[in-house]
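Compute the structure for the input listed below.
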Amino acid sequence: MSAIEEPFAVGTSPLHRRNPGIKILAALAISLPAATLQHLPMATAGLVLGLVLAVAARLPLRPLVQRMAVVGLFIGFLWIFLPFSLPGKTLFHLGPLTATQEGIQLCLLLTAKSFGIVLTLTALLATMPITSLGQGLQRLGVPQKLCLLLLFTWRYIAVIRQEYLRQHRCVKARGFHPRTNIHTYRTYAWLVAMLFVRSWDRAERVHQAMRCRGFTGTFHSLVRFHRSTADWWLLALAIALGAGLLAGDIALQMGRI
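Numbering: from 1, shown residues only. As a prediction, this is how the structure comes out:
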């Protein structure tokens, strides 16, 4: 049973070789200002920046498109409702619904921001294994228990999924067919309850096994990350780009651009 796949973690690009802690800070320096942008030109600039980072990281195209498709699915729901929900200048009518310029502009803004942020986070965070991410978070002062929770969740969520699939096959083999009735509700409640019970049992066994191996609450990595000049340049560039996006947005807000 394998853990969650990491299609972007293996590579030889310059971003793959950077220090995990620096990449986390760089991701925050860009994504946080990008999330606060209120004007479409700067949101578009953030999207272009995300594309540049994705190209620099040499991300495999197919997994990247699949990830963007998931984001696009959620954005698509916004395009169904927002253009017809905001008052403003009328652009066109669709039956009894009226699409406004303000609604379309808001959809474009949210679309550019969402894709730009996801591309940035993928290029900077997904280009390292989850174990390196946990180590980087711990080096940045994130509470150790949260880092352990992240690592254990990554390691065992696939195991829990396999356990659910096994139980689901068992009830299907006994002739279960889901319907809208009390028997179906009870069956699914039993599935969830048994999944919790078996997960608890597995957690107990894992905890006992780790204690037998001398685990004291700290994972000791065999890999040591060092901060190089290139790492500091990456962080400085990320801070400058994030500040530039924010400054440009403020300038647009004040009417100076």
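
contacting residues for His39?
109, 248-249, 252-253 (Cβ atoms under 8 Å, 6 or more residues apart in numbering). C-betas here are computed from N, CA, C, even on glycine.

Export stretch 55-63 to PDB, keeping only CA atoms.
The C-alpha atoms that make up stretch 55-63 are tabulated as PDB, following Å, rounded to 0.1, in the frame of the first residue of the first chain:
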ATOM      1  CA  VAL A  55       8.000  26.500 -16.000                       C
ATOM      2  CA  ALA A  56      11.100  27.100 -13.900                       C
ATOM      3  CA  ALA A  57      10.200  24.000 -11.800                       C
ATOM      4  CA  ARG A  58       9.800  21.900 -14.900                       C
ATOM      5  CA  LEU A  59       6.600  20.500 -13.600                       C
ATOM      6  CA  PRO A  60       5.200  17.500 -15.600                       C
ATOM      7  CA  LEU A  61       2.400  18.700 -17.800                       C
ATOM      8  CA  ARG A  62      -0.200  16.000 -17.300                       C
ATOM      9  CA  PRO A  63      -0.300  16.000 -13.500                       C
END
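
before we move on, back to that, report the buried members of the contacts of His39.
109, 248-249, 252 (16 or more other Cβ atoms under 10 Å).

any idea where the helices of the stretch 1-150 of the chain begin and end?
According to DSSP state H, counting those that start in this stretch, the stretch 1-150 of the chain carries its helices in the segments 20-35, 40-56, 61-81, 101-124, 130-139, 144-173.

pLDDT weak spots in the chain?
Scanning the chain for pLDDT under 70 picks out the ranges 1-4, 220-223, 256-257.

okay, now the domains of it?
Following automatic domain parsing, the chain resolves into domains at 20-128+226-253, 143-212.

Looking at these, which is nearest to Phe8?
domain 20-128+226-253 (4.1 Å; Cβ to Cβ).

now do the same end-to-end measure for the closest one.
Distance across domain 20-128+226-253, first residue to last, is 35 Å (Cα to Cα, to the nearest Å).

and the helices of the stretch 1-150 of the chain as TSV, adding distance to Arg227?
Formatted as TSV, the helices of the stretch 1-150 of the chain follow (distance: least, Cβ to Cβ, whole Å):
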stretch	distance to Arg227
helix 20-35	6
helix 40-56	19
helix 61-81	28
helix 101-124	16
helix 130-139	10
helix 144-173	19
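
returning to that earlier point: sitting in helices, which of the contacts of His39 do you find?
109, 248-249, 252-253 (DSSP state H).

List just the nearest of those residues to Thr36.
Asp249 (7.4 Å).

thinking again about what came up before, can you pick out the most distant pair from the buried ones among the contacts of His39?
That would be Leu109 and Gly248, which, of these, are the farthest apart (Cβ to Cβ) at 14.0 Å.

Quick check: Ile75 vs Met68, distance?
10 Å (Cβ to Cβ, to the nearest Å).

cool, Thr229 as well?
33 Å.

Looking at the two, which one has more neighbours?
Neighbour count, other Cβ atoms under 10 Å: between Thr229 and Met68, Met68 has more, with 17 against 7.

Distance of the more buried one relative to Leu51?
Met68 is 11 Å from Leu51, by Cβ to Cβ.

go on, His93?
In terms of Cβ to Cβ, His93 sits 35 Å off from Leu51.

Check Ala240 too.
Taking Cβ to Cβ, one finds Ala240 at 18 Å from Leu51.

Repeat that for Leu15.
14 Å.

Which one's more surrounded, the two?
Higher neighbour count among Leu15 and Leu51: Leu15, with 21 against 15, using other Cβ under 10 Å.

my guess is that one contacts Thr122, does it?
No: look at Leu15 against Thr122 with Cβ atoms under 8 Å: they stay out of range, at 10.4 Å.

shared neighbours of the two, which are they?
Counting by Cβ under 8 Å, 6+ apart, the common neighbours of Leu15 and Thr122 are Ala57.

any idea which helix or strand carries the nearest residue to Glu163 once chain neighbours are set aside?
With sequence-adjacent residues excluded and distances taken as Cβ to Cβ, 6 or more residues apart in numbering, Glu163 is closest to Arg198, at 5.5 Å. According to DSSP states H and E, Arg198 maps onto helix 182-212.
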